[in-house]
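A.B. asks: sequence? don't have it. structure:
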Ligand code: NCD
Ligand code: ZN
C-alpha cells in the first residue's frame, strides 16, 4: 500500500490553550495563530480572569499581540470562583464574549489558588450555565493530601463529576486533558452534553517517558501522564473520530528557568508541533482519516459553531523537521515539546 504523505483538513481549532500575558503572550501567540483559527483561552493568569470585564480586557491584549498579517479568534473563558456572579456570566455569554467557564479545584495546578473549594457554592452559576447552554470546562483532579497524584483524575470523576452530571443533567461539561481510561469511560457513558479534550502529549507520553532514565521536566504537566494502559485508551478515543473527543493542546509555556528547577512547574509548550505530532500519532494508528474530526470538526460541533472554511495541508517528508527546540521569550527560553521520535510531518505554510 502506498504511504500517505499529505492530508488536507479543515483548519483546526485548539479547545484548551494557555496564552499567558505580556512578553510571553507576544512570543507564543504566533505559533498558535499560524495553525489554528480559534482557541479556547485559559483564564489562569495571575490574577485570574474572573469577570466579563477582565475577559474583555484580556481579549484586547491578545488581539493587540497578534502580528498584523495573522488572523486568529480567541474564545474567552471565565475562571470560576466561590464568588462568581451568575449575572455577569450570563451577560458575558449573551454578549458573545464568554464561550465557557473553567472549573479549577483550588490548588490543583498552576495559578489555581483562587479555584473552587466547595462545588456546592457555585451551584447557582452552574444552574445559569445549564440554562443558557454555556459549557463548564473541568480540570478534573481532586486536591487532597491523601490521594496519590496518579489517582487524582479517577477519584475526581467518582466523587465530583458523576454527582455533578446527575445534579445538572443538561449542563454541557468538558472533561479537559483526559489522562485516564476512567476519563474516557466518563465521557463515553454520557447520553450527550459531555465531551473530553485530549492533548497531543498525553497521546505520546506515559509516566515512564517522564521518569525512566532521568527525570524530564519538559514532560511534566498536570494532569501528570499515567500508565501505558491509559495512554492506549486515549489513543483509541482520539483516533476513533468519536465526536465526543477533540483536540485541546493544553500548550502551557513556562520559562526554562521555572521548569528546570528543584521545584519545577507543570506545563508543556507544544503549540509549534501539536499538529505535526497528531499527524504522526494518527498515521501510526492507521487513522489519518479521523484526524480532521478530532482536530477540526468535533470541537465546533460541541460548541455549536461552524467548522472553519479554510484548510491546512499536512505533509510528510523523508527527513524530520525543521522545528525549533526552544523559542526566545525576552532573556528566557521556552523549550518546545520534543515527542521523542522523528517528526516528519509538518503543516505547509
Ligand atoms: C497549566 C499551566 O501551566 O497553566 N499546566 C499544565 O501542566 N497543564 C495549568 C493546567 O492546565 O493545569
Ligand atoms: Zn491547561
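C.D. replies: Alright, I've got the coordinates. These numbers were taken from a predicted model, which means no experiment stands behind them. Numbers count the residues shown, from 1 in each chain. Ligands and ions are numbered 1, 2, ... in the order given.
A.B. asks: I'd assumed residue 153 was in contact with residue 182.
C.D. replies: Yes. The pair residue 182 / residue 153 is scored as a contact, 6.8 Å apart, by Cβ atoms under 8 Å. Glycine gets a C-beta too; all of them are placed from N, C-alpha and C.
A.B. asks: Counting neighbours, go ahead and name the busier of these two.
C.D. replies: It is residue 153, of residue 182 and residue 153, that has more neighbours when counted by other Cβ atoms under 10 Å, with 27 against 21.
A.B. asks: Strands of the stretch 51-200 of the chain, residue ranges please.
C.D. replies: Applying DSSP state E, counting those that start in this stretch to the stretch 51-200 of the chain gives strands spanning 73-79, 98-103, 136-138, 173-175, 194-198.
A.B. asks: So for ligand 1, which of these sits nearest?
C.D. replies: Minimum separation from ligand 1 across the strands of the stretch 51-200 of the chain (Cβ to the nearest ligand atom) falls at strand 98-103, 9.1 Å.
A.B. asks: Is that closest one in proximity to ligand 1?
C.D. replies: No. Figure legend: strand 98-103 not in contact with ligand 1 (Cβ under 6 Å from any ligand atom); closest approach 9.1 Å.
A.B. asks: What is the distance between that strand and the centre of its chain?
C.D. replies: Its chain's average C-alpha position is 13 Å from that of strand 98-103, according to Cα atoms, centre = their mean, to the nearest Å.
A.B. asks: Likewise for stretch 113-121?
C.D. replies: Relative to the chain's own centre, stretch 113-121 is displaced by 21 Å; criterion: Cα atoms, centre = their mean.
A.B. asks: residues making contact with that stretch?
C.D. replies: Stretch 113-121 is contacted by residues 47-48, 50, 79-82, 103-108, 122, 139, 160, 164 when judged by Cβ atoms under 8 Å, 6 or more residues apart in numbering.
A.B. asks: can you rerun that using 7 Å?
C.D. replies: Applying Cβ atoms under 7 Å, 6 or more residues apart in numbering, the external contacts of stretch 113-121 come out as 48, 79-82, 103-108, 122, 160, 164.
A.B. asks: Ok, stretch 247-260 next?
C.D. replies: By Cβ under 7 Å, 6+ apart, stretch 247-260 touches 12, 14-18, 20, 24, 28, 176-177, 197-200, 217-218, 221, 264-265, 267-271, 274, 294-295, 299, 329, 332-335.
A.B. asks: Next, the buried residues of it.
C.D. replies: Within stretch 247-260, the residues that count as buried by 16 or more other Cβ atoms under 10 Å are 247-256, 258-259.
A.B. asks: Ok, stretch 74-84 next?
C.D. replies: Those buried within stretch 74-84 under the rule 16+ other Cβ under 10 Å are 74-81, 84.
A.B. asks: Could you work out the most separated pair of the residues you listed?
C.D. replies: Using Cβ to Cβ, the buried residues of stretch 74-84 span at most 21.1 Å, a distance reached by 74 and 81.
A.B. asks: Quick check: residues of the stretch 151-300 of the chain near ligand 1?
C.D. replies: 221-222, 250, 252, 266-267.
A.B. asks: can you do 8 Å?
C.D. replies: Proximity of the stretch 151-300 of the chain to ligand 1 (Cβ under 8 Å from any ligand atom) is limited to residues 176-177, 220-223, 250, 252-254, 265-268.
A.B. asks: Residue 159: neighbouring residues, count only.
C.D. replies: 13.
A.B. asks: about what we covered before: for the contacts of stretch 113-121, give me JSON lines that also has pLDDT and distance to residue 208.
C.D. replies: Putting these into JSON lines (pLDDT from 0 to 100; distance: Cβ to Cβ, whole Å) gives the following:
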{"residue": "48", "pLDDT": "96", "distance to residue 208": "34"}
{"residue": "79", "pLDDT": "97", "distance to residue 208": "33"}
{"residue": "80", "pLDDT": "97", "distance to residue 208": "34"}
{"residue": "81", "pLDDT": "94", "distance to residue 208": "37"}
{"residue": "82", "pLDDT": "92", "distance to residue 208": "38"}
{"residue": "103", "pLDDT": "96", "distance to residue 208": "30"}
{"residue": "104", "pLDDT": "94", "distance to residue 208": "28"}
{"residue": "105", "pLDDT": "89", "distance to residue 208": "27"}
{"residue": "106", "pLDDT": "83", "distance to residue 208": "30"}
{"residue": "107", "pLDDT": "75", "distance to residue 208": "27"}
{"residue": "108", "pLDDT": "73", "distance to residue 208": "24"}
{"residue": "122", "pLDDT": "95", "distance to residue 208": "37"}
{"residue": "160", "pLDDT": "95", "distance to residue 208": "28"}
{"residue": "164", "pLDDT": "96", "distance to residue 208": "32"}
